[in-house]
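Enquirer: Next one to model:
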Amino acid sequence: MDEDEDDLDDLLDEIEKKFCRNVSVASSSRADSNEAGKHEKDKRKHSATKPEEPISSITEDIDALLEELLEEDYNNPTNPKTQQFPEGPQVEKKLSSQSGGRKCCPVFVGGSSVTNGVGTATSKRSCDQLRCTSCDFRVLMFDDCEWDPSCDYLFLRNNMPDRHKLRAKLRKRNASRAYACQCSWFSALEPTDLQNQAELRWVCGKHQA
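Expert: Model prediction:
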């Protein structure tokens with residue numbers, strides 16, 4: 001009877017040892033698993049937060065750049081205007097080029113005694129920058145001359161703009177001035193408004209300073 005009890009005690013001791021060992025192993029494995037999970041979670045969190053660093057730095061760089069631009073605009077409020085309208089000789093050059101592109105209004109032609117220049121309603125100067133909108137030729141002028149009645153379109157077509165050949169159809173006349181392009185011709189003594197000469201397609205091509 002005592003031997004049976006001893007055997008039973010031994011069996012219980014062995015079971016208890018095995019059970020405790022399994023529990024400790026399971027606990028340690030769970031602890032290791034929790035530690036590994038925590039490490040993996042921290043790793044994922046760390047890797048997820050890594051991209052935030054360059055984004056935040058880029059944002060800071062953009063903010064700094066915007067602040068610099070705003071400061072420059074505030075400190076130099078007239079900078080764009082000075083670039084658009086520079087001071088000194090450049091302004092004078094620009095203004096002179098603009099003023100040099102004046103057009104006659106209205107456009108006059110006249111004899112050799114009429115002053116050439118920019119024609120206006122009060123100053124009836126003869127335009128010496130005429131261009132034909134029909135043939136796109138510049139209008140030539142001959143002082144103290146007029147066109148012979150035999151002059152025609154075919155003659156001008158074949159000889160324009162050779163001034164020497166054109167003189168074959170010109171004749172002398174004091175104070176007169178002969179005008180011609182490749183398709184039209186006209187002789188004038190007094191200032192004549194081209195608006196009253198519908199057959200002439202001549203316009204002012206701008207007068208340079």
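
Enquirer: switch to C-alpha atoms for all contacts and neighbour counts from now on
Expert: Fine.

Enquirer: So what's the residue count around residue 149?
Expert: By the criterion of other CA atoms under 10 Å, residue 149 has 9 neighbours.

Enquirer: Next one: it from residue 122, what distance?
Expert: Counting by CA to CA, to the nearest Å, the gap from residue 149 to residue 122 is 33 Å.

Enquirer: for residue 101, same thing?
Expert: Residue 101 is 19 Å from residue 122, by CA to CA.

Enquirer: Same question for residue 109.
Expert: Distance, residue 109 to residue 122, by CA to CA: 14 Å.

Enquirer: which stretches of the protein have low pLDDT?
Expert: 1-9, 11-12, 15-100, 209 (pLDDT under 70).

Enquirer: let's see it at 90
Expert: 1-102, 206, 208-209 (pLDDT under 90).

Enquirer: any chance you could map the helices in it?
Expert: Along the chain, counting by DSSP state H, helices occupy 2-49, 52-75, 79-84, 89-99, 153-159, 163-166.

Enquirer: What residues sit buried inside the longest strand seen in the chain?
Expert: In the chain, taking DSSP state E as the definition, the longest strand is strand 170-180. Neighbour counts over strand 170-180 (16 or more other CA atoms under 10 Å) mark 170, 172, 173, 175, 176, 177, 178, 179, 180 as buried.

Enquirer: Residue 101 and residue 122: which is more packed in?
Expert: Higher neighbour count among residue 101 and residue 122: residue 101, with 12 against 7, using other CA under 10 Å.

Enquirer: And the more buried one, how close does it get to residue 182?
Expert: 25 Å.

Enquirer: now do residue 113
Expert: Taking CA to CA, one finds residue 113 at 25 Å from residue 182.

Enquirer: Comparing these two, which residue is more hemmed in?
Expert: For residue 113 versus residue 182, neighbours defined as other CA under 10 Å are more numerous around residue 182 (22 against 16).
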